[in-house]
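Undergrad: Sequence isn't available, so here's the structure alone:
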């Protein structure tokens, strides 16, 4: 790891100030991606601003069906929250299958969302749940937030403080894990609301990162069952291809994972 | 270079280190607590697992500076008054190790999962919970057996888990 300067922020304002006064600063939450990347010398921020100790960034609040999760809330806390489990078990299940137990004790929802790894799990959930990403400056809809591979709508210095969404009537996440990295080789989050609105979001497969699957959404809006997806297709030209899976294989995985998710919802 | 202070195995410690120093190197090199191992250095193998404020974490992927002010327990802090911790005793009784390199991380992981799952810990859960720990001798059967035995022991004598 190259040299870096560590700063611990005591408040959101303090974090923004510390980062803006650094030349090449980065916010550090759980560090489960950032520290690992720095060790490989794939990232070398001159300054790290640790936001893990900021009071008020770790919380889960559920009011009726409105959910708000603080940015520094760990995957473990999301996975084991009884309040969340009562109205949106899908998000708990998703969090429970990120990384391994030790990674879940450190990694945070805000860090995962801000990093927008194309194989991360949370982006699929946020897109399918029509979540709002709350920053220190504004609120950004998930559809406008995830803009490409490791790219988001976050401006320089802007920091995620919370994630908010309305719990849907039914939802589930199905993931085909890479057995070594535990990242999604393909993950599909499905959500259906009382209004009949259906959303299907796919992670781990898209060449431009997380995406909604319009064809599957239309099929499921008509008939909410795994069989409704039998004729659904995904164009491999829009999908990732790497040593783990070809784009054709991923196209098939999208269908299988979507069916499993609908069956589980 | 800054002085990093934390509590390790119940003892207040402080030592100068670079901001980029990993917690595992701080423990091994600054504090000479070499029971915590570096296996893979890529956050996969779990040989470096310690407890930070009561939760299992991978000390090879945390800066010592991040851990400043926290309470750390390493494998050296498990045995009390010359008595093995019930998890250590179970690993010994059930031959839960072969070469022993992964064992400190396995023991710290086992204690964490037993505390979280209590009476609900079954074999399938143990195997799932070992997701972040690799035994390259592949001695998983006896590791699982040891953890289940320790869980039973710790249920029978809850104060021993403290």
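TA: The structure has been received and is ready for your questions. Computed from a prediction, not measured in an experiment: that's the story for all the values here.

Undergrad: For the residue nearest to the spatial centre of chain B, pull up the helix or strand it's in.
TA: Per CA atoms, centre = their mean, the C-alpha nearest to the average position across chain B is that of residue B:108, at 2.4 Å. According to DSSP states H and E, residue B:108 maps onto helix B:103-117.

Undergrad: go on, residue A:224?
TA: Short version: residue A:224 belongs to no helix or strand, going by DSSP H and E.

Undergrad: thinking it is in contact with residue A:262, fair?
TA: Yes - counting by CB atoms under 8 Å, residue A:224 does reach residue A:262; the two are 6.8 Å apart. The C-beta positions use only the backbone N, C-alpha and C, and glycine is treated the same way.

Undergrad: Run the chain-centre distance for the top helix by length along chain B.
TA: Longest helix in chain B, counting residues (DSSP state H): helix B:140-156. In this view, helix B:140-156 has its centroid 15 Å away from the chain centroid, taken as CA atoms, centre = their mean, to the nearest Å.

Undergrad: that older thread, ok, residue A:224 and residue A:262, which is more surrounded?
TA: Taking neighbours as other CB atoms under 10 Å in any protein chain shown, residue A:224 and residue A:262 compare with residue A:262 leading, 25 against 15.

Undergrad: measure that one to residue A:227 for me?
TA: 9 Å (CB to CB, to the nearest Å).

Undergrad: give the contact list for residue 60.
TA: Since no chain was named, I'll use chain A. For residue A:60, the contacting residues are A:67-70, A:73, A:77-78, A:81, A:83-84, by CB atoms under 8 Å, 6 or more residues apart in numbering or on different chains.

Undergrad: that's the wrong chain, I wanted chain B
TA: Residue B:60 touches A:39, B:22-24, B:38, B:40-41, B:43, B:48, counting by CB under 8 Å, 6+ apart.

Undergrad: again, but for residue A:261
TA: Residue A:261 makes contacts with A:172-174, A:188-190, as judged by CB under 8 Å, 6+ apart.

Undergrad: Need the pLDDT of it.
TA: You'll see residue A:261 listed with a pLDDT of 98.

Undergrad: can you pull out the strands in chain B?
TA: B:2-8, B:11-17, B:49-52, B:55-58, B:71-73 (DSSP state E).

Undergrad: cool, and chain A?
TA: Under DSSP E, chain A gives strands at A:5-8, A:25-28, A:47-50, A:60-63, A:66-70, A:132-135, A:139-141, A:146-148, A:151-152, A:160-166, A:170-177, A:184-192, A:198-203, A:211-212.

Undergrad: Adding mean pLDDT, write the ones you listed out as TSV.
TA: Below are the strands of chain A laid out as TSV (pLDDT from 0 to 100):
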stretch	mean pLDDT
strand A:5-8	97
strand A:25-28	96
strand A:47-50	98
strand A:60-63	98
strand A:66-70	98
strand A:132-135	98
strand A:139-141	98
strand A:146-148	97
strand A:151-152	98
strand A:160-166	98
strand A:170-177	97
strand A:184-192	97
strand A:198-203	98
strand A:211-212	98
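
Undergrad: follow-up on the earlier one: tell me the one among the contacts of residue A:60 nearest to chain B.
TA: Taking CB to the nearest CB as the measure, residue A:77 is the one of the contacts of residue A:60 closest to chain B, at 10.2 Å.

Undergrad: Show the contacting residues for the closest residue in space to residue B:68 that isn't next to it in sequence.
TA: Of all residues not flanking residue B:68 in the chain, residue B:4 sits nearest, at 4.8 Å (CB to CB, 6 or more residues apart in numbering or on different chains). Neighbour list for residue B:4: B:14-17, B:21, B:26, B:64-65, B:67-68 [criterion: CB under 8 Å, 6+ apart].

Undergrad: Thank you kindly, that will do.
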